[in-house]
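> Attaching a predicted model along with its sequence, questions to come.
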Amino acid sequence: MTESIRMGADTTPVGIRTVAVIDIGSSSIRMAIAQIDGVGCVHPLESLQRAVKLGEDTWTNGSIGKETTEECVRVLLQFRRVLLEYGVTDGDRVRAIATSAVREASNKAAFLDRIYSATGIDVDAIDEMEVNRLTYLAVMPLLTEVAALREKPALIVEVGAGSTELLLIEDAVMTYAGTYRLGALRLYEMLETHHTSPGSALHVLISSIQRMLDEMRRTVHSVDDPRLLVLGGDIRFALSQMDQETDRGEPREVSVKELEKFSDEILNYSVDELLQKYHLPVPDAETLGPALLSIVMLAKTFGAKSLYVATQTLRDGLLIEMSEARTWEERIQEQVIKGAMDLGRKYRFDESHAVHVASLCASLFDQLQTVHGLDPRYRTMLYVAALLHEVGNVISTRSHHKHSMYLVMNSELFGLSSREMKIVALIARYHRRAMPRATHEVYGTLTRDHRIIVNKLAAILRVADALDRAHQQRISTVQCVLEDESVILTSQELDNPTLERMALKDKDDLFQQVYGMRIELRSHMKVNF
């Protein structure tokens, strides 16, 4: 636990925020409390961890039991009392997430509702892509600052309790992100469920891990001898027992051969023997052997002779996100857009038109900020929707807006969660034809707030698309002026934008409905003296 001085709300210096992040994992609940200074730097204050075996419930019974749920409530109430001591009382200063054990539980909604009603903590069960994005945020400072990790492609690996993450980063760009549903606790529970004998347990473990590694290798087939950066409590514990300390600085390098020797030693112990020898919490004793075996086998699969171990966690990514230091977010936005371009090319989109409409959308979004009042992150979502609004043409030009929605919604873009992809898909769907209705498939599943966001952004996309009706990029820039109850768009590039005016008249219905304002296109005529 980090040594710190407990501070109330009144003692926090001006310009500094005390925030907290909570991670409800498969085998424990963790909380990190930190201060964020005026320039966005994160200063850790305290970390707390309590063992709660949600994964055992989910992977054995398919749902989280009442006893486990109430144990989670008790832990979170304890955490909440600590937060009060730090003066953290506002909900927007606490970010709480849950990962695979909650996400996969059949009673996920009921579990989250119980947590909220009992503790007031709103927990978000994030999807796999969101976990990958937060991990990327956490490790990117290392990959840019540590010379050894820049020399070759970097494979970021975390063998968690419920799943294994694999991220491939080449030249500071994410080229692959995958989550494999084979974690250390899941492996242990599989052995316990099938009452595997000690003699065959190791064989079963190796076979199960090898199937996962074969799938990884097929996906990341072009990478040999990468820089392997490993995260997770199991590997950090291993290093602590191998007389190698980890700290918050540079990652520590360890040979795979040395790690394998320690892993073999751990696998020879039973869980009870590990508890007695190392005084570990029960969940850690259960996951240690499977996790270390997975890491050693993965390193050998990719031909790595050594690996690097870092202390960064999912909670570090959450804190960076809360810091509002946008450097890493901007890098992620670049990769989101690159991924959208690749997706568009896959479906043979009209690239010139798509990029042009996306550029107009970004300009309109910026100039209409006081009108729509949306967070800047929605600018990227609008831009991506504009890039992909006509990919449905690859299926059929008729109802291509609906085809675009389904293609986008069933695709993955690193940096966007499944919920955000749904919003992007709906923005693309409403770039033409019918107005959004609560009875429409998919749209009706959104919350009111998200429906409003879709409406606001789709209205802007309709305007931008109308400005390139001919797909000839005749208008590259527009200026927006608010005049009475109208938005006046002006362009000096066309003397006679009749076609664009007609298109705008056909497509401004959603804009008028959402913003309560007419939209008009004017041109500045050239005058010769």
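Okay, I see it.
> per-residue confidence for Ala201?
Ala201 carries a pLDDT score of 82 in this model.
> Could you confirm it falls within a strand?
No - under DSSP: H, G, I helix; E, B strand; the rest coil, Ala201 sits outside any strand and is assigned helix.
> neighbours around the nearest residue to it once chain neighbours are set aside, how many?
Leaving aside its sequence neighbours, Ala201 sits nearest to Leu191 (C-beta to C-beta, 6 or more residues apart in numbering; 5.5 Å). For the C-beta atoms, the positions are set from N, CA and C on the backbone; glycine is no exception. By other C-beta atoms under 10 Å, 19 other residues sit near Leu191.
> Wait, Leu191 touches Leu202, no?
No - look at Leu191 against Leu202 with C-beta atoms under 8 Å: they stay out of range, at 9.9 Å.
> can you give me phi and psi for the residue nearest to Ala201?
Dihedral angles of Leu191 (phi, psi; degrees, to the nearest 10) stand at phi -70, psi -40.
> which residues sit in contact with it?
Leu191 sits next to 201, 204-205 when contact means C-beta atoms under 8 Å, 6 or more residues apart in numbering.
> Any of those buried? List them.
Among the contacts of Leu191, those classed as buried by 16 or more other C-beta atoms under 10 Å are 201, 205.
> Does the nearest residue to Arg95 once chain neighbours are set aside lie in a helix or a strand, and which?
Sequence neighbours aside, Val21 is the residue nearest to Arg95 in space, at 4.9 Å (criterion: C-beta to C-beta, 6+ apart). Using DSSP states H and E, Val21 maps to strand 17-24.
> helices or strands next to the very next helix or strand once past that strand in the packing?
Next along the chain after strand 17-24, taking DSSP H and E as the criterion, comes strand 28-36. Under the contact definition 3 or more C-beta pairs under 8 Å, 6 or more residues apart in numbering; DSSP states H and E, strand 28-36 sits against strand 17-24, strand 42-51, helix 66-85, helix 314-322.
> Turn these into a markdown table, including mean neighbour count and mean pLDDT.
Shown next, in a markdown table, are these (neighbours: other C-beta atoms under 10 Å; pLDDT from 0 to 100):
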| stretch | mean neighbour count | mean pLDDT |
| --- | --- | --- |
| strand 17-24 | 23 | 96 |
| strand 42-51 | 16 | 95 |
| helix 66-85 | 16 | 97 |
| helix 314-322 | 23 | 92 |
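> Go through these and name the closest to Ala299.
helix 314-322 (21.9 Å; C-beta to C-beta).
> how many degrees apart are that closest one and strand 28-36 in direction?
30 degrees (axes from the mean of the first three to the mean of the last three C-alpha atoms, to 10 degrees).
> picking that back up, and the contacts of Leu191, which is closest to Val309?
For the contacts of Leu191, the nearest to Val309 is Leu205 (21.6 Å; C-beta to C-beta).
> The stretch 401-529 of the chain: strands as residue ranges?
Listed in chain order, the strands found in the stretch 401-529 of the chain under DSSP state E, counting those that start in this stretch are 479-483, 486-491, 518-523.
> picking up where we left off before, who's in contact with the strand holding Val21?
Identification of contacts with strand 17-24 by C-beta under 8 Å, 6+ apart yields 7, 12, 29-36, 45, 52, 54, 72, 76, 79, 83, 86-88, 93-99, 101-102, 121, 123, 313-315, 318-319, 322.
> Now for the closest residue to Glu286 other than its chain neighbours: which residues touch it?
Computed as C-beta to C-beta, 6+ apart, the closest residue to Glu286 that is not its neighbour in sequence is Tyr188, at 4.7 Å. Taking C-beta under 8 Å, 6+ apart, we find Tyr188 in contact with 286-287, 290.
> can I get the strands of the stretch 401-529 of the chain in a markdown table with mean pLDDT?
Shown next, in a markdown table, are the strands of the stretch 401-529 of the chain (pLDDT from 0 to 100):
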| stretch | mean pLDDT |
| --- | --- |
| strand 479-483 | 94 |
| strand 486-491 | 94 |
| strand 518-523 | 91 |
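> how about those, which one is nearest Val254?
strand 479-483 (57.2 Å).
> what about dumping the CA coordinates of that closest one to PDB?
Below are the C-alpha coordinates for strand 479-483, written out as PDB (Å, rounded to 0.1, in the frame of the first residue of the first chain):
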ATOM      1  CA  GLN A 479     -18.100  28.900 -42.500                       C
ATOM      2  CA  CYS A 480     -21.000  28.700 -40.000                       C
ATOM      3  CA  VAL A 481     -22.800  31.800 -38.700                       C
ATOM      4  CA  LEU A 482     -25.700  31.700 -36.300                       C
ATOM      5  CA  GLU A 483     -28.400  34.200 -37.400                       C
END
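> Use 2 as the first number for this chain going forward.
With the count now opening at 2, the last piece we talked about shows up as strand 480-484.
> got a list of contacts for that strand?
Residues contacting strand 480-484 (C-beta under 8 Å, 6+ apart): 365, 368-369, 371-372, 488-492, 518.
> Apply 7 Å and report the result again.
By C-beta atoms under 7 Å, 6 or more residues apart in numbering, the surrounding residues in contact with strand 480-484 are 365, 368-369, 488-491.
> Look at Tyr177 and report its pLDDT.
On the pLDDT scale, Tyr177 is placed at 89.
> For it, which non-adjacent residue is spatially closest?
Sequence neighbours aside, Leu169 is the residue nearest to Tyr177 in space, at 4.0 Å (criterion: C-beta to C-beta, 6+ apart).
> again with Val224
Pro154 (5.4 Å).
> Number of residues surrounding that neighbour?
Using other C-beta under 10 Å, Pro154 has 19 other residues around it.
> what about the helices in the stretch 102-251 of the chain?
For the stretch 102-251 of the chain, the helices defined by DSSP state H, counting those that start in this stretch cover 109-120, 129-146, 148-151, 185-194, 199-220, 234-242.
> so which of those comes closest to His280?
Distance to His280, taken as C-beta to C-beta, is lowest for helix 234-242 among the helices of the stretch 102-251 of the chain, at 11.4 Å.
> Identify the residues contacting the closest one?
So helix 234-242 is contacted by 160, 185, 247, 253, 255, 260, 263, 285, 288-289, 292-293, 296, 310, 312 (C-beta under 7 Å, 6+ apart).
> Quick check: helices, which of the residues you listed are part of them?
Within the contacts of helix 234-242, residues falling in helices by DSSP state H are 185, 260, 263, 285, 288-289, 292-293, 296.
> Compare those and tell me which is most surrounded.
Going by other C-beta under 10 Å, Ala185 tops those with 33 neighbours.
> and it, how far is that from Asp226?
Distance of Ala185 to Asp226, computed by C-beta to C-beta, to the nearest Å: 25 Å.
> So among the contacts of helix 234-242, where is pLDDT lowest?
The lowest pLDDT within the contacts of helix 234-242 belongs to Thr247, with 51.
> still on that earlier bit, isn't the residue nearest to Val224 right up against Leu229?
No - contact criterion C-beta atoms under 7 Å: Pro154 and Leu229 do not qualify, at 10.0 Å.
> State the phi and psi torsions of Ala386.
Main-chain dihedrals, Ala386, degrees, to the nearest 10: phi -60, psi -40.
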